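Participant: What would the 3D arrangement of this be:
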Amino acid sequence: MLAQQLDAPAGALETDVRRDAVVPAVEKVMPSVVNIATSRIVEYRDFYDTLLREFYGLNRPTRRREQINSIGSGVIIDEEGYILTNFHVLRRADRVQVKLSNGEVYDAEPLVVYTALKDVALLKIRPKKPGERFTAIKLAADDDLLLGETVLALGNPFGLGGSVSRGILSSRSRREPVGDEPLDVADWLQTDAAINPGNSGGPLINLRGELIGLNVAVGQGQGIGFAIPIKLVSAALSDFFTPELLDSSWFGARLKAGIMPLTITSVQPGSPADKAGLREGQRVLQVNGNAPRSLADFARLVIESPNRNLTLQVQRGGERTTVKLKLIPFDELIQQKAGLTLLNLSPELAASFAVQAGAGLYIDGVEKDGPADRAQVQRGFLLTGIDGKSTSDLATAAILLSGKQRGERVQLSVIVPRRYGLGYVQFQQATITVQVR
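Facilitator: Just a heads-up that it's a prediction; the model follows:
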């Protein structure tokens, strides 16, 4: 009998003691962790280019090269390949590549949406074949955080590849962020798990393998690491996966990422969602007859609706209701609210106002007797802001106007061209009050 026991394979007599709760959590999450490499295209001239130009009048074409800008981490949060990372990892990037845990390398779509104040950004993997799916992490509940619980930081420290560090949750976020104030350490989770440069954007997880935070590297050798808490990550996702940001269409409701079925967290008064009867607290069961698998899937189903006509099945308690609504394109929303037709600035238009592209929106049309016309706004003005906030694109202007109720006043910041003889043009800044409808 003793000889039989000695000959038994390792692990046959008892569970492998090395496989504590950490190992399966890491095995579960690692396929969703990605390494991120960003690069910029830079122009340069060498010594001989300068010599030929200055002494011989020869002008060789400016050469361009790709320069690696930063290395960081990210985590896949949807099987279609959406990735969360830190905004500062992607800032000023011209090209982004991601490397999965199995060694596969993919290009990623340029920055999809981001919030610089929350240091959270969203990317999307460019699949190599149609219908390709990726392993996504599960999000923890917003407030399911235990002080002192074991946590794991995964990522790509110093560009070394997939790495895991272990610690405890030392402190939960200390306060709620105020207004548009950028996040700081007072808003973050704190852990003694090592979080080094390159870990930025990787996941901080609990022993269930759930995402509880997004790592932020703020220093070295301190024995302290920080992460953006899941509550703020979820809020960013609720803003990211909307028809407003992904399709330039007004929907007017926000849904909470994570637990299924999705829950409506807010409804904008006067929006298509509000007029259709959607209310906070309702759960969305179906979109055009399909059950959404995630918040990203919900957004996809909404923006793919034929002619922007949408049918939702929602539930509150035991009561199920079917509602119909139509999304409103941003240009129609701006026309509806202010009686304006706006265009993004082309390089030629920007040059005519002596400004950079993105400095404002060209007013291409003013509806006769509409709100803007009554306030003496004219075609040819440049709209640079609404209520003190810059309007660099149609989406920004539409979102700012969408929150205004009928009869409310908005302050339009404009640049007015004054034309004089001999082609001389003088630009004047002005503020015009418009009552929206």
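Participant: Going along the chain, name the helices of the stretch 201-350 of the chain.
Facilitator: Here the stretch 201-350 of the chain has its helices, by DSSP state H, counting those that start in this stretch, at 230-240, 243-247, 272-276, 295-303, 330-338, 347-352.
Participant: And the stretch 51-200 of the chain, by the same measure?
Facilitator: For the stretch 51-200 of the chain, the helices defined by DSSP H, counting those that start in this stretch occupy 87-90.
Participant: Quick check: which ranges of the stretch 1-150 of the chain have low pLDDT?
Facilitator: For the stretch 1-150 of the chain, applying pLDDT under 70 flags the ranges 1-14, 40-70, 111, 116-117.
Participant: Could I get the full set of strands for it?
Facilitator: 33-44, 63-78, 82-85, 95-99, 105-107, 113-115, 120-124, 138-139, 150-155 (DSSP state E, counting those that start in this stretch).
Participant: what number of residues lie near A430?
Facilitator: 12 (other Cβ atoms under 10 Å). Bear in mind the C-beta positions are built from the backbone N, C-alpha and C, glycine included.
Participant: Is it part of a helix or strand, or is it coil?
Facilitator: strand (DSSP: H, G, I helix; E, B strand; the rest coil).
Participant: show me what contacts it?
Facilitator: With contacts defined as Cβ atoms under 8 Å, 6 or more residues apart in numbering, A430 is in contact with 413-416.
Participant: Quick one: buried ones out of these?
Facilitator: 413-415 (16 or more other Cβ atoms under 10 Å).
Participant: Filter the residues you listed down to the ones in helices?
Facilitator: Judged by DSSP state H, the buried ones among the contacts of A430 include no members of helices.
Participant: Now intersect these with the strands, please.
Facilitator: Counting by DSSP state E, these place 413-415 in strands.
Participant: And those residues, which is closest to A354?
Facilitator: Using Cβ to Cβ, I415 is the member of those that lies nearest A354, at 9.4 Å.
Participant: Okay, and the beta partners of the nearest residue to the closest one once chain neighbours are set aside?
Facilitator: Among residues not flanking I415 along the chain, L382 sits closest, at 4.1 Å (Cβ to Cβ, 6 or more residues apart in numbering). Beta-bridge partners recorded for L382 (DSSP bridges): Y362, I415.
Participant: List the contacts of L382.
Facilitator: L382 neighbours (Cβ under 8 Å, 6+ apart): 345, 353, 355, 359-363, 414-415, 417.
Participant: if we can go back for a sec, just put the helices of the stretch 201-350 of the chain in JSON lines and tack on distance to L394 and mean pLDDT.
Facilitator: What follows is the helices of the stretch 201-350 of the chain, written out as JSON lines (distance: least, Cβ to Cβ, whole Å; pLDDT from 0 to 100):
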{"stretch": "helix 230-240", "distance to L394": "17", "mean pLDDT": "91"}
{"stretch": "helix 243-247", "distance to L394": "11", "mean pLDDT": "91"}
{"stretch": "helix 272-276", "distance to L394": "18", "mean pLDDT": "95"}
{"stretch": "helix 295-303", "distance to L394": "16", "mean pLDDT": "95"}
{"stretch": "helix 330-338", "distance to L394": "5", "mean pLDDT": "95"}
{"stretch": "helix 347-352", "distance to L394": "14", "mean pLDDT": "89"}
